[in-house]
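okay, predicted coordinates and the sequence, questions at the end:
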Amino acid sequence: MRLHVVDHPLVAHKLTTLRDKRTDSATFRRLADELVTLLAYEATRDVRTEQVDIETPVTPTTGVKLSYPRPLVVPILRAGLGMLDGMVRLLPTAEVGFLGMIRNEETLEASTYATRMPEDLSGRQVYVLDPMLATGGTLVAAIQELIKRGADDVTAVVLLAAPEGVEVMERELAGTPVTVVTASVDERLNENGYIVPGLGDAGDRMYGSAE
Ligand SMILES: O=P(O)(O)OC[C@H]1O[C@H](OP(=O)(O)OP(=O)(O)O)[C@H](O)[C@@H]1O
Ligand SMILES: O=c1cc[nH]c(=O)[nH]1
Ligand SMILES: [Mg+2]
């Protein structure tokens, strides 16, 4: 597994406001959207392209366009939904699949409550979106499902990661073609499985507590 921490002052600036507990939901959603677009620039560095012939007003030339099969973008509901627009803005030809997953806040185990994506992902590049990589249970399960369906290149775009979650991913997904792109690897997880310093519950901060 490859880990890429995006080191950029604009990313750090937006992330700081996102972490601030005084930031309201509307601002949080806007900042998450902007941050994803910055991370997407790095996450798509190896997106597949093919050569194409065009004519400029001056002369024929060759350029590139995104290849087929189209990349698949998979936000993990709920919180990953807040990252979708920022990602597809940079990848307009992408197809979008959905995974609904929830972490049990007592056991910290992830379970899947909704799946809507192609059965056959052979030869597809997939971008998974989830703001938080905490224990890693959610992302490991999501990526194992994508690889089972044949995906041969998976990039997870996460706003924040905990070192514990990165370690679990490295262990559980060893030997698989997986890259994690994040704005920060934070200090640790606390006793409730929350990232420290983190930003709290990403889904709740985007959409409310859902109770
Ligand atoms: O790495 P893990 O320990 O598995 O935790 C991370 C998961 O927890 C959060 O989702 P949550 O279960 O709160 O669902 P929500 O997005 O609907 O709020 C977050 O968006 C990740 O999906
Ligand atoms: O810090 C955390 C950990 C898991 N899920 C969140 O939303 N935040
Ligand atoms: Mg949540």
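Received, thanks. Quantities reported herein were computed from a predicted structural model and do not represent experimental measurements. Ligands and ions are numbered 1, 2, ... in the order given.

which residues of the chain fall in strands?
2-5, 49-55, 60-66, 72-77, 95-96, 98-103, 110-116, 125-129, 132-133, 153-161, 178-185, 188-189, 195-196 (DSSP state E).

tabulate the ones you listed (a markdown table), appending mean neighbour count and distance to Val11.
C-beta coordinates here come from the backbone N, C-alpha and C atoms, glycine included. Shown next, in a markdown table, are these (neighbours: other CB atoms under 10 Å; distance: least, CB to CB, whole Å):
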| stretch | mean neighbour count | distance to Val11 |
| --- | --- | --- |
| strand 2-5 | 14 | 9 |
| strand 49-55 | 9 | 25 |
| strand 60-66 | 10 | 24 |
| strand 72-77 | 24 | 20 |
| strand 95-96 | 16 | 24 |
| strand 98-103 | 18 | 25 |
| strand 110-116 | 13 | 27 |
| strand 125-129 | 27 | 16 |
| strand 132-133 | 27 | 16 |
| strand 153-161 | 26 | 9 |
| strand 178-185 | 22 | 5 |
| strand 188-189 | 16 | 21 |
| strand 195-196 | 19 | 17 |
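
can I get these in JSON lines with distance to Leu84?
Formatted as JSON lines, the strands of the chain follow (distance: least, CB to CB, whole Å):
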{"stretch": "strand 2-5", "distance to Leu84": "20"}
{"stretch": "strand 49-55", "distance to Leu84": "22"}
{"stretch": "strand 60-66", "distance to Leu84": "18"}
{"stretch": "strand 72-77", "distance to Leu84": "5"}
{"stretch": "strand 95-96", "distance to Leu84": "7"}
{"stretch": "strand 98-103", "distance to Leu84": "9"}
{"stretch": "strand 110-116", "distance to Leu84": "13"}
{"stretch": "strand 125-129", "distance to Leu84": "6"}
{"stretch": "strand 132-133", "distance to Leu84": "16"}
{"stretch": "strand 153-161", "distance to Leu84": "11"}
{"stretch": "strand 178-185", "distance to Leu84": "16"}
{"stretch": "strand 188-189", "distance to Leu84": "26"}
{"stretch": "strand 195-196", "distance to Leu84": "21"}
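
out of those strands, flag the one nearest Ala141.
Closest of the strands of the chain to Ala141 is strand 110-116, at 5.2 Å (criterion: CB to CB).

and that closest one, what's its mean pLDDT?
For strand 110-116, the mean pLDDT works out to 98.

circling back to that earlier point, what would the strands of the chain look like in a markdown table with distance to ligand 3?
Putting these into a markdown table (distance: least, CB to the ion, whole Å) gives the following:
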| stretch | distance to ligand 3 |
| --- | --- |
| strand 2-5 | 23 |
| strand 49-55 | 36 |
| strand 60-66 | 32 |
| strand 72-77 | 10 |
| strand 95-96 | 21 |
| strand 98-103 | 7 |
| strand 110-116 | 11 |
| strand 125-129 | 14 |
| strand 132-133 | 8 |
| strand 153-161 | 13 |
| strand 178-185 | 18 |
| strand 188-189 | 15 |
| strand 195-196 | 12 |
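
using CSV, lay out those together with distance to ligand 1.
Supplementary listing: those in CSV, determined by distance: least, CB to the nearest ligand atom, whole Å:
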stretch, distance to ligand 1
strand 2-5, 15
strand 49-55, 30
strand 60-66, 27
strand 72-77, 5
strand 95-96, 17
strand 98-103, 3
strand 110-116, 5
strand 125-129, 10
strand 132-133, 4
strand 153-161, 9
strand 178-185, 12
strand 188-189, 8
strand 195-196, 9
